[in-house]
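In: Predicted model and sequence below, questions to follow.
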Amino acid sequence: MNVEEEINTYTFSQWLQSRKSSNTRSLYSASVGSFLHSIYQTDETTEKLAARYVKDVKKDKRKTLNDLLDFITFTQSGKARKDGKVVPPNSLSVYFTGIISFLFYCCGEELSPRARRVLQDSMPRGGRFSRTKEADITRETIRAILLHCDLRLKSLVLFLVSSGVRISEALKLKLDDITLDAKPPLVFVRADGTKEGEPTVTFISDEAKAALQEWLKIRETYIRENAYRVNNVKEYRKTHRPWRKVVTPPSEDSVFPYSYPSATIAFSKAVKAAGLYAKDKTTGRASIHLHAFRKYFLSQIKTKIPSEIAEALVGHQGYLSGSYRRYPTSQLAEFYKKGEGALLVFQDSAPLEELDTRNRQFDEVARRNQALDAELQNLKAKNESLQATIAKWDAYFTEKFGKPTAQTADEMAHNLVVEKLAQRAAEAQAEEDLADFNRIIAQSPAVVPEPTAPKSKQRA
């Protein structure tokens with residue numbers, strides 16, 4: 001059996017189990033379930049409908065491209081959701097990721113480039129956030145919501161606001177992923193908890209740290225008191241005896257013991273209590289949701305630090321220039337300190353900004369002092385070099401001419417004058433002797449030698 005035949009024999013359950021993430025398995029199951037129920041319009045389980053669809057495809061009873069196009073129409077008619085709202089484009093794209101994977105592994109159907117182009121042209125335009133009208137998140141908005149949150153939810157919201165992590169990432173954090181003793185407090189998001197599959201380092205504000213510390217004080221008590229509800233839901237539903245609580249705390253080491261649905265429900269209740277809850281009429285999505293704090297983090301901290309650093313803090317690789325650059329944790333911490341004031345909710349950021357200004361001034365003075373100190377050290381080095389050169393030449397002249405005798409300044413000046421006078425006297429005497437010599441030459445008679453005949457004439 002070749003590889004393709006082996007892949008084509010995957011059942012629906014085998015295919016789901018081959019997905020590594022539990023979130024992916026849940027999402028793919030819901031996507032395929034919605035797709036199959038739109039086709040067969042029955043209440044059968046997704047697994048049974050999947051087996052039925054695989055047989056129909058292999059017998060050429062179903063055309064996958066037509067089914068996918070019909071599913072797009074189905075989701076935009078409002079029939080795919082209980083509230084009658086259309087499925088937003090981004091959500092529909094996620095649905096199709098699971099459905100196309102199911103068609104490939106279970107049905108052996110691989111869409112051609114032409115079929116993908118047809119589907120792309122048929123997809124609704126716009127993203128989820130362009131379809132959903134979201135409320136503007138401000139510091140006052142967050143304050144109003146936090147006034148209606150318990151300590152667990154308050155610490156979670158402040159954590160999201162000051163760290164920029166996704167709500168799904170925050171709910172997967174373990175106790176040893178957060179270092180509260182660091183300055184600023186450090187958060188390590190593991191690779192298996194991120195959307196990009198890469199570990200991320202970010203930080204939280206001192207304000208969020210204080211709220212988190214207060215939550216951690218009662219965290220174990222909370223888990224212990226809710227151990228029965230968390231671990232024994234089936235037993236509770238079966239016996240209906242809520243007084244039979246199991247006091248042994250569950251083996252839970254997450255920072256925020258929330259499931260995603262329960263966190264969403266708790267936050268929606270707080271938003272409603274603050275009088276800020278609203279839904280988009282087209283998509284049916286809440287205008288204020290937990291994921292909005294990630295966008296709030298980016299919009300606020302980018303006013304204080306470079307955009308590239310802000311994107312690195314939230315783990316966005318695609319926004320970084322060139323290949324993915326890994327900034328040192330210490331460098332990211334320094335940048336975060338500069339932008340921390342923009343992320344505060346209850347505290348006034350003005351004192352922090354003033355302190356930051358003073359720190360920058362002190363840093364500038366320290367930098368100048370360091371430059372002056374370096375220049376002074378350079379001058380000292382040059383002076384030492386000149387002193388060494390002078391000592392070298394002094395030793396040379398001492399060896400060649402002897403050690404000079406000690407003289408006063410007057411004696412040195414007198415000797416110089418005497419030397420100059422002696423030189424002038426010698427020059428005058430030389431000029432006088434030269435004049436006497438020229439005069440003697442001029443007074444002596446000229447001696448002219450007699451001419452002599454050529455040797456040939458003398459012989460004749």
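Out: Everything's here; your move. Numbering: from 1, shown residues only.
In: low pLDDT regions in the stretch 251-400 of the chain?
Out: In the predicted model, the stretch 251-400 of the chain carries pLDDT under 70 at residues 251-252, 282-283, 317-326, 348-357, 359, 400.
In: Can you show me the helices along it?
Out: With DSSP state H, counting those that start in this stretch, the ranges of helices along the stretch 251-400 of the chain come out as 260-273, 292-301, 307-313, 329-339, 349-401.
In: Please point out which parts of the third one sit buried.
Out: When you say that, I think you mean helix 307-313. Judged by neighbour count using 16 or more other Cβ atoms under 10 Å, the buried positions of helix 307-313 are 308-313. The way it works is simple: take the backbone N, C-alpha and C, and place the C-beta from them, glycine included.
In: same question, the fourth one
Out: If you call a residue buried by 16+ other Cβ under 10 Å, then helix 329-339 has these buried ones: 332-333, 335-339.
In: can you check the second one too?
Out: Of all the residues in helix 292-301, those buried under the rule 16+ other Cβ under 10 Å are 292-294, 296-298, 300-301.
In: For those, work out which two are farthest apart.
Out: Spatial extent of the buried residues of helix 292-301 (Cβ to Cβ) is set by the pair 292 and 301 at 15.0 Å.
In: So, low pLDDT: which residues of the stretch 1-150 of the chain?
Out: Looking along the stretch 1-150 of the chain with the criterion set at pLDDT under 70, you get 1-9, 83-84, 126-132.
In: rerun at 50
Out: 1-7, 128-130 (pLDDT under 50).
In: Format the helices of the stretch 251-400 of the chain as CSV; extra columns: distance to residue 162.
Out: Conversion of those to CSV gives the following (distance: least, Cβ to Cβ, whole Å):
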stretch, distance to residue 162
helix 260-273, 16
helix 292-301, 7
helix 307-313, 11
helix 329-339, 9
helix 349-401, 12
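In: wait, which of these is closest to residue 89?
Out: Taking Cβ to Cβ, helix 292-301 is the member of these nearest to residue 89, at 18.1 Å.
In: all strands of the stretch 51-200 of the chain, in order?
Out: Along the stretch 51-200 of the chain, the stretches classed as strands by DSSP state E, counting those that start in this stretch are 178-179, 186-189, 200-203.
In: among those strands, which is the most enclosed?
Out: Among these, strand 200-203 has the highest mean neighbour count (mean count of other Cβ atoms under 10 Å), at a mean of 22.
In: Could I get the CA-only coordinates of that strand as PDB?
Out: The C-alpha trace of strand 200-203 is given here as PDB (Å, rounded to 0.1, in the frame of the first residue of the first chain):
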ATOM      1  CA  THR A 200       7.400  34.400  23.200                       C
ATOM      2  CA  VAL A 201       8.700  36.600  26.000                       C
ATOM      3  CA  THR A 202       6.700  39.500  27.200                       C
ATOM      4  CA  PHE A 203       6.100  41.400  30.500                       C
END
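In: Residue 187 - nearest residue in space that isn't next to it in sequence?
Out: Leaving out its chain neighbours, the residue that sits closest to residue 187 by Cβ to Cβ, 6 or more residues apart in numbering is residue 202, at 5.0 Å.
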